[in-house]
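Peer 1: After the sequence you'll find the predicted model.
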Amino acid sequence: MERYDVIVVGTGAGGSGVANRCAKAGRRVAVVDDEPYGGTCLLRGCDPKKVLVGAAELVDWHRRMDGQGLTGDAQLDWPALMRFKRTFTDPVPQQQEASYQKLGIAAYHGRGRFTGPDRFVVDSTELESRFFVIASGARPTPLGIPGEEHVKTSTDFLDLELLPRRIAFIGAGYIAFEFAHIATRAGAAVTMLGRGRPLRQFDADLVGRLVEHTRSLTVDVRLDAAVGGVERAGSEFRIRFRRAEAATGRTGASKDFITADLVVHAAGRIPKTGDLDLGRANVEADERGAVKVNEWLQSVSNPKVYAAGDAAASPGALPLTPVGGHQSVIVASNILHGNNKKPDYRGTSSVVFTTPPLAAVGLTEEEARRKGSKIRVKSEDTRSWFSNRRVRETAAMYKTVVEEGTNRILGAHLLGPHADEVINLFAIAVRHNLTATDLSHMIYAYPTSGSDIAYMV
Ligand SMILES: Cc1cc2nc3c(=O)[nH]c(=O)nc-3n(C[C@H](O)[C@H](O)[C@H](O)COP(=O)(O)OP(=O)(O)OC[C@H]3O[C@@H](n4cnc5c(N)ncnc54)[C@H](O)[C@@H]3O)c2cc1C
């Protein structure tokens, strides 16, 4: 039986930081992962995706500028792009492993599970620890439909050797939008099969504009399709769905299907805790499988256990890498010094990396009104603004939500070039209670998309 001070399950954004900090403080630490070390973001999520987004964006920009100083058509070379992508992902596990070794962290490969409140087993190796950190991430939500085995995951999509001609995404969340925007610029015929209002956590008006723009790229965005099954028909797949009645949201009798060469799951993710035998350690989880934690990110039912990242049920936390990173700092401090730090999620930005990107921070107009806040809302189509006209982007819009009286920025919602960067300036404002006057009096670098902020508040 190996004994540790801290065992961390998961080597992603939530787990790595805890392991490193505790090891640097002299604790005996072990990490466990059943996938190559590095976690979802670096290997199967944010980073590889953004490499593909970069190339797709270049194609789009090139096409927008056609006849305005540029000629010819930019083409995406998918296999070459994949090779470029691998220059980012391939080295990660080895680098992570070396870094753990340097810090004296014991590294276990394999699927682990609890065998008692302070006992854990990885394959057949038994471990004991004073503390555990569950940072086991998330996995695609089971679809529960016939033919589910034919549906590929986001991980598979990011590793495709060749891009199939027709691709169907089940779902209309951020992964579906991002991948659809990449695939259509790479020449695939893309269908998104969503059900109900897409991207619900983003501003409805900006989402509406993004949907319209996505359709203009020839992506078939369906928002009334309840997928009922997937069948293989030779080398292609037939995806059956029922159309919801738009007015009621009920699924009607009208059955329909489309065919595609690849079907990708983009219908949400749930915490990956099912294999961990949480019950053996008396660790309570919510109905989605996320570990129930208190304000210190500590299990409500077993004080030896903490949770971070996508596997933690912490109110106000979005399943995003920087949130996992923030939580890992909090958890490390609470393990090392006793419970002394609480997470603070104010001003968490989130982005849909379409071209152009959609970005948000703080409250939406709907949320602010629901809370009864007295607000001032400003919103405009900004396609005619210099920063957007210069790059010939027509999908450009913003909405800001400011509190009457205090003049504080409560929320900002951006669609357009550099929205993914500009949102970080608004995030500083939301987190640090800056006012509209503070933002409008800034002396920004010009001409930049950031300098447009002065006109948005
Ligand atoms: C396609 C995609 C794109 C994304 N894009 C973005 C983005 O642009 N920006 C952003 O902020 N976020 C993005 N995310 C979300 C982000 O990747 C996650 O929020 C983040 O990686 C979560 O980190 P984590 O540490 O909680 O879990 P992970 O990084 O998933 O690490 C958990 C690890 O634990 C392992 N594990 C689980 N159970 C066990 C077990 N029983 N035994 C051993 N090991 C186990 C898992 O296999 C995994 O390797 C994206 C996600 C996906 C899927």
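Peer 2: Sure thing, it's come through. Residues are numbered from 1 along each chain as shown.

Peer 1: from here on, contacts and neighbour counts on C-alpha atoms
Peer 2: Will do.

Peer 1: pLDDT score for residue 247?
Peer 2: If you check residue 247, the pLDDT there is 45.

Peer 1: Show me the helices in the stretch 201-350 of the chain, by range?
Peer 2: Using DSSP state H, counting those that start in this stretch, the helices of the stretch 201-350 of the chain run over 204-216, 321-337.

Peer 1: Tell me how far residue 63 lies from the ligand.
Peer 2: Separation of residue 63 from the ligand (CA to the nearest ligand atom, to the nearest Å): 24 Å.

Peer 1: so that residue sits right up against residue 74, yeah?
Peer 2: Yes. Applying CA atoms under 8 Å, one finds residue 63 in contact with residue 74, separated by 7.2 Å.

Peer 1: So which of these two has more stuff around it?
Peer 2: A direct count of neighbours by other CA atoms under 10 Å for residue 63 and residue 74 places residue 63 higher, at 19 against 16.

Peer 1: Find me the pLDDT at the spatially closest residue to residue 175 that is not a sequence neighbour, would you?
Peer 2: Ranked by CA to CA, 6 or more residues apart in numbering and with sequence neighbours excluded, the top spatial neighbour of residue 175 is residue 266, at 5.9 Å. Looking at residue 266, its pLDDT is 97.

Peer 1: where does the protein have low pLDDT?
Peer 2: 245-254 (pLDDT under 70).

Peer 1: Helices of the stretch 351-457 of the chain, residue ranges please.
Peer 2: Going by DSSP H, counting those that start in this stretch, the stretch 351-457 of the chain shows helices at 365-370, 386-389, 419-431, 436-440, 453-456.

Peer 1: Those helices: which one's closest to the ligand?
Peer 2: helix 419-431 (10.1 Å; CA to the nearest ligand atom).

Peer 1: CA atoms of the closest one as CSV?
Peer 2: Coordinates of each C-alpha in helix 419-431 appear next as CSV, following Å, rounded to 0.1, in the frame of the first residue of the first chain:
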residue,chain,number,x,y,z
ALA,A,419,-14.6,39.8,-29.6
ASP,A,420,-12.6,37.0,-27.9
GLU,A,421,-9.9,39.4,-26.9
VAL,A,422,-12.0,42.6,-26.2
ILE,A,423,-14.2,40.7,-23.8
ASN,A,424,-11.3,40.4,-21.4
LEU,A,425,-11.3,44.2,-21.0
PHE,A,426,-15.0,44.0,-20.1
ALA,A,427,-14.2,41.2,-17.7
ILE,A,428,-11.8,43.4,-15.7
ALA,A,429,-14.6,46.0,-15.5
VAL,A,430,-17.2,43.4,-14.3
ARG,A,431,-14.8,41.8,-11.8
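
Peer 1: out of the helices of the stretch 201-350 of the chain, which comes closest to residue 444?
Peer 2: Shortest distance between residue 444 and the helices of the stretch 201-350 of the chain, using CA to CA, is found for helix 204-216: 24.9 Å.

Peer 1: what's in contact with that closest one?
Peer 2: 181, 198, 199, 221, 358, 395, 397, 398, 413, 414, 415 (CA atoms under 8 Å, 6 or more residues apart in numbering).

Peer 1: Likewise for stretch 138-146?
Peer 2: Identification of contacts with stretch 138-146 by CA under 8 Å, 6+ apart yields 153, 227-231, 265-273, 310-311.

Peer 1: centre of the chain versus it, how much separation?
Peer 2: 17 Å (CA atoms, centre = their mean, to the nearest Å).

Peer 1: Would you work out how far apart the start and end of that stretch are?
Peer 2: By CA to CA, to the nearest Å, the extent of stretch 138-146 from end to end equals 23 Å.

Peer 1: Neighbours of the residue nearest to residue 175, how many?
Peer 2: 26.

Peer 1: Phi and psi next, for it.
Peer 2: phi -140, psi 40 (degrees, to the nearest 10).

Peer 1: Correct me if wrong: it contacts residue 171.
Peer 2: Yes. If you go by CA under 8 Å, residue 266 and residue 171 touch, sitting 4.9 Å apart.

Peer 1: got the contact list for the closest residue to residue 413 other than its chain neighbours?
Peer 2: Excluding the flanking residues, the one nearest residue 413 by CA to CA, 6+ apart is residue 360, at 4.5 Å. With contact taken as CA under 8 Å, 6+ apart, residue 360 is in contact with 202, 203, 349, 350, 351, 411, 412, 413, 414, 423.

Peer 1: about what we covered before: redo the helices of the stretch 201-350 of the chain as a markdown table? Include mean neighbour count and distance to residue 78.
Peer 2: Formatted as a markdown table, those follow (neighbours: other CA atoms under 10 Å; distance: least, CA to CA, whole Å):
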| stretch | mean neighbour count | distance to residue 78 |
| --- | --- | --- |
| helix 204-216 | 17 | 21 |
| helix 321-337 | 22 | 26 |
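
Peer 1: among these, which is nearest the ligand?
Peer 2: That would be helix 321-337 among the helices of the stretch 201-350 of the chain, by CA to the nearest ligand atom, at 3.9 Å.

Peer 1: Tell me how far residue 344 lies from residue 296.
Peer 2: Using CA to CA, residue 344 is found at 11 Å from residue 296.

Peer 1: which one of these two has more residues nearby?
Peer 2: The neighbour comparison of residue 344 against residue 296 (other CA under 10 Å) goes to residue 296, with 22 against 14.

Peer 1: what about the strands in the stretch 201-350 of the chain?
Peer 2: Assigned by DSSP state E, counting those that start in this stretch, the strands in the stretch 201-350 of the chain fall at 220-222, 225-233, 236-244, 251-260, 262-265, 269-271, 291-292, 305-307, 312-313, 349-352.

Peer 1: I would like the residues contacting the longest helix along the chain, please.
Peer 2: The longest helix of the chain (DSSP state H) is helix 46-64. For helix 46-64, contacts defined as CA under 8 Å, 6+ apart pick out 40-42, 70, 73-76, 81, 85-86, 88-89, 158, 178, 181-182, 185-186, 353-356, 391-393.

Peer 1: Identify the residues contacting the closest residue to residue 411 other than its chain neighbours.
Peer 2: Of all residues not flanking residue 411 in the chain, residue 362 sits nearest, at 4.1 Å (CA to CA, 6+ apart). With contact set as CA under 8 Å, 6+ apart, residue 362 has these partners: 346, 347, 348, 349, 410, 411, 412, 427, 430.

Peer 1: Try it again at 6 Å.
Peer 2: With contact taken as CA atoms under 6 Å, 6 or more residues apart in numbering, residue 362 is in contact with 347, 410, 411.
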